[in-house]
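# Quick one: sequence and predicted model below, then my questions.
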Amino acid sequence: MAADGGSSSLVLPCAFSPKSRQYLAVCAQDGRLRIWDTNSKTLHQEYVPSAHLSATCTCIAWGPCRTAKEGPQRKKRKSEAVQEERPDLLALGTAAGSVLIYSSVKGALHSTLDGGHSGAVNSLRWHPMEALLYSGSEDTNIVEWDLQTGKTHCKWKADRGPVTSLCVSPDGRLLLSAGQTIKMWDLETKEVYRRFTGHSTAVTTLCFATTRPPDSDGLYFLSGAAHDRLLSVWQVRSDGKDKNSVVSFTLTDEPQHIDLISSDSKEEAVRLVVVCKDGQLHLFEHFLNGPCKKPLSPSCSVQVSGVGSKGSEGDTPVPVPLLAAALVGDKQSLVLAYGNHLQPVLETAVVNTAERHVCLVRDIHATLSLSMDTAVTKVKTPVVSANVKVLAPGLPGHNAPVKTGSAESQKRKQDPSTKEMSIEERLGEIDLSTVPGGKKSQKEAMSLQTDSYAVLLVQGLESKDSQILNKIFQTKKDVLIKKTVARLPVPAILPLVEELTQRLQGHPYTAVLLVRWLKAILLQHTSYLSTLPDLVSQLGVLYHMIEGRIKTLQKLTRLHGKLYLLMTQVAASESVHITDLDHTAKLVYEEESSDEEEGSGDEGIPEEDSDNWEEEEGMDDETSNRENQAEEDKDEEMNEESKVNGDSDMDPENESEEE
């Protein structure tokens with residue numbers, strides 16, 4: 001039993017066909033449905049919905065295998081009594097709320113189910129026996145569709161929040177739905193049979209692990225939630241005491257794709273393969289016969305890595321993300337899908353489960369080139385023989401003969417030494433500055449260069465060639481960037497944004513060149529980006545990175561202002577030129593008595609040009625001494641007179657003592 005029908009809105013939906021695992025259905029970023037053949041490793045079918053841009057596909061679910069009815073019916077032998085069953089119908093849920101039923105046998109749209117939901121469809125599940133389909137939506141409702149009439153058979157409200165995942169029991173009697181809580185519904189009465197609580201985030205995966213009846217205490221199912229690195233296993237007990245999960249499986253990241261082989265009895269183990277969001281694969285094998293307190297680690301972990309860049313030796317392997325995986329009858333065989341959703345690499349690998357960690361080294365470039373060469377093309381080139389006369393429309397007698405090729409081109413094909421130039425070499429030889437002629441020739445060269453840039457950019461994004469991308473992102477011409485982004489195909493826009501986001505996280509100087517590309521993308525392709533349901537998660541890293549860098553911008557501007565003020569002051573002080581001063585002394589004083597007195601002379605005396613300054617200074621000193629002596633004699637005479645007159649008791653000090 002595969003648990004790949006429901007899909008989260010954050011993960012691109014993909015699902016293997018039931019039983020044989022012969023086909024892999026993938027809905028890529030461009031909204032196209034591609035069905036790949038796992039046996040021939042080639043593209044089997046491709047379908048483009050009419051509203052693949054406005055209403056993208058959100059989930060995929062293969063219907064039960066039906067008996068193939070091709071050609072006239074005839075009486076079969078006993079050896080041919082068992083008719084071959086093959087997968088046919090494929091249900092596609094859209095962001096607009098409609099459900100598309102695609103027939104892989106016819107290669108066309110079978111029917112469209114409208115009017116059931118007012119929000120995006122998050123999960124789809126088929127009834128294993130009857131022609132019924134169940135869908136859960138953002139409008140909190142579950143719809144039961146009658147595929148024979150194409151109309152709604154029943155509709156009921158499942159939860160307060162959106163219904164994120166669904167699962168139908170193998171016997172077709174029970175339905176699991178996940179919203180804010182996990183509910184188990186009785187499909188006959190449409191009433192809640194059990195409730196399970198334990199996840200704090202949206203549940204993205206629900207799958208039954210056993211095929212036992214619910215009253216036998218042997219019915220188990222597992223659930224996985226967003227941003228949760230555990231898979232929880234729940235037991236449906238007859239007494240109703242099933243509040244907590246009984247078993248937990250540890251993962252390296254949240255589950256993205258799950259496939260398992262359910263057990264029919266207690267003696268049979270459940271085999272489980274989980275592909276996480278980080279691109280790793282984990283294998284589990286456990287007997288479900290009761291609670292287990294300790295979380296279980298995977299018995300084997302698988303990771304795919306590609307070789308380094310071309311022409312270099314000793315490069316470290318590059319990890320390649322796994323997209324989906326399926327279990328085959330053999331215990332050691334797995335069907336792996338890895339690489340890019342636009343063209344995944346399919347492989348049936350034999351994994352040694354005895355080892356805890358397995359790393360598969362693959363050359364993805366060589367594998368993709370082989371698969372592209374062997375792909376079926378619908379364009380056929382007619383072979384024109386020299387003996388056949390070809391008639392072309394027109395007037396009689398004026399028909400130009402059909403030429404299969406010029407003589408120069410035939411010689412060029414026959415000469416093995418001549419090699420065609422690659423797009424990168426052609427782009428390197430294009431130079432607008434050396435184009436002769438006027439404005440018309442320059443415009444033609446600009447259009448040619450823009451076409452080459454667009455083709456080269458798509459080639460670099462698909463092959464993840466850093467040399468090509470580095471050369472393109474180094475351009476500084478805004479006109480060339482705008483025209484290149486305008487001519488990009490729609491499937492290459494989101495990979496370009498992811499590449500720019502990854503490069504912006506590196507050296508800050510790269511933002512000077514890469515911001516121009518982001519600006520051109522937002523100006524040209526905003527209408528397409530707004531139709532993506534998971535736009536917030538895709539551009540969240542870019543938004544937080546820009547916001548984190550802008551936070552320091554205000555502090556940097558303040559610092560820049562202060563530094564600018566200081567630099568302007570320094571520049572202004574350096575620009576002022578001080579005129580030369582006259583260092584010749586106006587006056588020199590020298591004392592002949594001693595060197596010490598000469599050194600202790602006062603230098604702050606006003607300068608005069610008189611030559612008799614020294615003599616005048618000596619005379620001033622003598623007169624001042626005489627005046628001081630006269631004042632002292634006068635004071636002594638006054639003191640003696642005061643003593644005689646008895647005025648000494650009138651001193652201020654004596655007055656204070658008497659008081």
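Ah, there it is.
# residue ranges with poor pLDDT in this structure?
For the chain, applying pLDDT under 70 flags the ranges 1-10, 52-53, 67-84, 308-315, 368-451, 576-581, 593-659.
# Do you have the helices of it handy? List them.
364-373, 407-414, 423-429, 439-463, 466-473, 478-486, 493-504, 510-524, 526-530, 535-551, 553-575, 595-599, 613-645, 652-658 (DSSP state H).
# how many neighbours does residue 104 have?
Neighbourhood size, residue 104 [other CB atoms under 10 Å]: 22. The C-beta positions use only the backbone N, C-alpha and C, and glycine is treated the same way.
# right, and it touches residue 35 too?
Yes. Using CB atoms under 8 Å, residue 104 makes contact with residue 35 at a distance of 6.1 Å.
# between the two, what contacts are shared?
Listed as contacting both residue 104 and residue 35 by CB atoms under 8 Å, 6 or more residues apart in numbering are 23, 44-45, 90.
# In PyMOL, select just the buried ones from the residues you listed.
Burial among the shared contacts of residue 104 and residue 35 is assessed by 16 or more other CB atoms under 10 Å; the matching PyMOL selection reads:
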select buried, resi 23+44+45+90
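# Among the shared contacts of residue 104 and residue 35, name the ones in strands.
Among those, DSSP state E puts 23, 44-45, 90 in strands.
# Enumerate every residue touching residue 292.
Residues near residue 292 by CB under 8 Å, 6+ apart: 246-248.
# Which one (most neighbours) among those?
residue 247 leads the contacts of residue 292 on contacts (other CB under 10 Å) with 23 neighbours.
# I'd guessed that residue sits against residue 287; true?
No. In this structure, residue 247 is not within contact of residue 287 by CB under 8 Å, at 10.0 Å.
# Would you mind giving the shared contacts of residue 104 and residue 35 as CSV with distance to residue 192 added?
Shown next, in CSV, are the shared contacts of residue 104 and residue 35 (distance: CB to CB, whole Å):
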residue, distance to residue 192
23, 36
44, 41
45, 40
90, 30
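# ok, which pair from the shared contacts of residue 104 and residue 35 is furthest apart?
Farthest-apart pair in the shared contacts of residue 104 and residue 35 is 44 and 90; separation 11.8 Å (CB to CB).
# Return every residue with contacts to both of these two.
Common neighbours of residue 44 and residue 90, counting by CB under 8 Å, 6+ apart, are 35, 104.
# Residue 342 touches residue 31, doesn't it?
No. At 11.7 Å, residue 342 does not count as touching residue 31 under the criterion of CB under 8 Å.
# Those two: which is more packed in?
residue 31 (21 against 16).
# Now for the nearest residue to residue 48 once chain neighbours are set aside, how many residues are close by?
Setting aside the residues directly before and after it, residue 48 is nearest to residue 32 in space (CB to CB, 6 or more residues apart in numbering), at 5.2 Å. Counted by other CB under 10 Å, the residues lying close to residue 32 total 16.
# Tell me the backbone dihedrals of residue 32, please.
Main-chain torsions, residue 32, degrees, to the nearest 10: phi -90, psi 140.
# Now do the strands in the stretch 1-150 of the chain.
Residue ranges of the strands in the stretch 1-150 of the chain, as given by DSSP state E, counting those that start in this stretch, are 2-3, 14-16, 23-27, 33-37, 42-47, 57-62, 66-67, 85-86, 89-94, 99-103, 108-113, 121-126, 132-137, 141-146.
# With distance to residue 467 added, can I get those in JSON lines?
Shown next, in JSON lines, are these (distance: least, CB to CB, whole Å):
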{"stretch": "strand 2-3", "distance to residue 467": "40"}
{"stretch": "strand 14-16", "distance to residue 467": "31"}
{"stretch": "strand 23-27", "distance to residue 467": "29"}
{"stretch": "strand 33-37", "distance to residue 467": "29"}
{"stretch": "strand 42-47", "distance to residue 467": "28"}
{"stretch": "strand 57-62", "distance to residue 467": "34"}
{"stretch": "strand 66-67", "distance to residue 467": "50"}
{"stretch": "strand 85-86", "distance to residue 467": "45"}
{"stretch": "strand 89-94", "distance to residue 467": "38"}
{"stretch": "strand 99-103", "distance to residue 467": "40"}
{"stretch": "strand 108-113", "distance to residue 467": "42"}
{"stretch": "strand 121-126", "distance to residue 467": "41"}
{"stretch": "strand 132-137", "distance to residue 467": "46"}
{"stretch": "strand 141-146", "distance to residue 467": "51"}
